[in-house]
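Enquirer: Got a predicted structure here, sequence first:
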Amino acid sequence: MTAPRPAGVPWLTPYLTVRDARVSMNFYRAALGFAVRDSVEDDGALMHVEMTYHDQLIVMFAPEGAFGSTARTPKSAQTVAPQSFYLYVDDVDAVYARALEAGAKSLSEPQDQFWGDRFAQVEDLDGYRWALARHLS
């Protein structure tokens with residue numbers, strides 16, 4: 001019997017629509033420390049990207065219009081993304097600073113929270129919101 005998912009792939013992986021897959025790939029590398037696991041090009045255009053974080057598949061994405069999709073980014077749709085991604089990192093302050101340097105918009109600066117995490121929040125180049133956290137205790 002064939003496994004229901006490929007080996008090493010989580011049961012749930014966000015699949016985002018981005019404006020420019022190459023720009024997003026470079027942003028996620030520089031800002032969040034993600035690594036490319038796989039990518040697919042068509043006539044030189046990057047059409048699909050899978051990125052990992054600490055050796056776990058964390059996100060996949062494709063540009064607007066890829067594979068006939070009509071999905072748009074929050075920025076292109078001029079709306080606030082209704083979801084956010086909660087990412088545990090080794091150093092919230094450092095990742096927050098790198099994200100801003102790579103073009104992210106600050107939504108909340110790093111600070112210790114009552115639930116026990118150091119926490120900050122940024123909006124990426126396509127309008128997706130990323131919570132950056134490190135557990136304190």
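Expert: Arrived safely. Note that this is a predicted model, so its numbers are computed, not measured. Numbering: from 1, shown residues only.
Enquirer: list the buried ones in the lengthiest helix in the chain?
Expert: The residue-count maximum for a helix in the chain (DSSP state H) belongs to helix 92-101. Along helix 92-101, the positions that meet the burial threshold by neighbour count (16 or more other Cβ atoms under 10 Å) are Val92, Val95, Tyr96, Arg98, Ala99. Glycine gets a C-beta too; all of them are placed from N, C-alpha and C.
Enquirer: what's the answer for stretch 16-32, then?
Expert: By neighbour count, and taking 16+ other Cβ under 10 Å as the criterion, the buried residues in stretch 16-32 are Leu16, Thr17, Val18, Arg19, Asp20, Ala21, Ser24, Met25, Phe27, Tyr28, Ala31, Leu32.
Enquirer: all helices of the protein, in order?
Expert: Secondary structure of the chain, counting by DSSP H: helices at 21-27, 74-77, 92-101.
Enquirer: Just the CA trace of the last one, in CSV.
Expert: Looking back up the chat, that one is helix 92-101. What follows is helix 92-101 as a C-alpha-only set of coordinates in CSV (Å, rounded to 0.1, in the frame of the first residue of the first chain):
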residue,chain,number,x,y,z
VAL,A,92,13.5,36.7,18.2
ASP,A,93,15.4,40.0,18.2
ALA,A,94,17.9,38.9,15.5
VAL,A,95,15.3,37.3,13.2
TYR,A,96,13.0,40.4,13.7
ALA,A,97,16.0,42.7,12.7
ARG,A,98,16.9,40.6,9.7
ALA,A,99,13.2,40.5,8.6
LEU,A,100,13.0,44.3,8.7
GLU,A,101,16.3,44.6,6.9
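Enquirer: which helices and strands sit right next to it?
Expert: Under the contact definition 3 or more Cβ pairs under 8 Å, 6 or more residues apart in numbering; DSSP states H and E, helix 92-101 sits against strand 105-112, strand 117-123, strand 129-135.
Enquirer: Can you lay out those as JSON lines showing distance to Phe61 and mean pLDDT?
Expert: Converted to JSON lines, the helices and strands packed on helix 92-101 look like this (distance: least, Cβ to Cβ, whole Å; pLDDT from 0 to 100):
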{"stretch": "strand 105-112", "distance to Phe61": "19", "mean pLDDT": "98"}
{"stretch": "strand 117-123", "distance to Phe61": "16", "mean pLDDT": "98"}
{"stretch": "strand 129-135", "distance to Phe61": "13", "mean pLDDT": "98"}
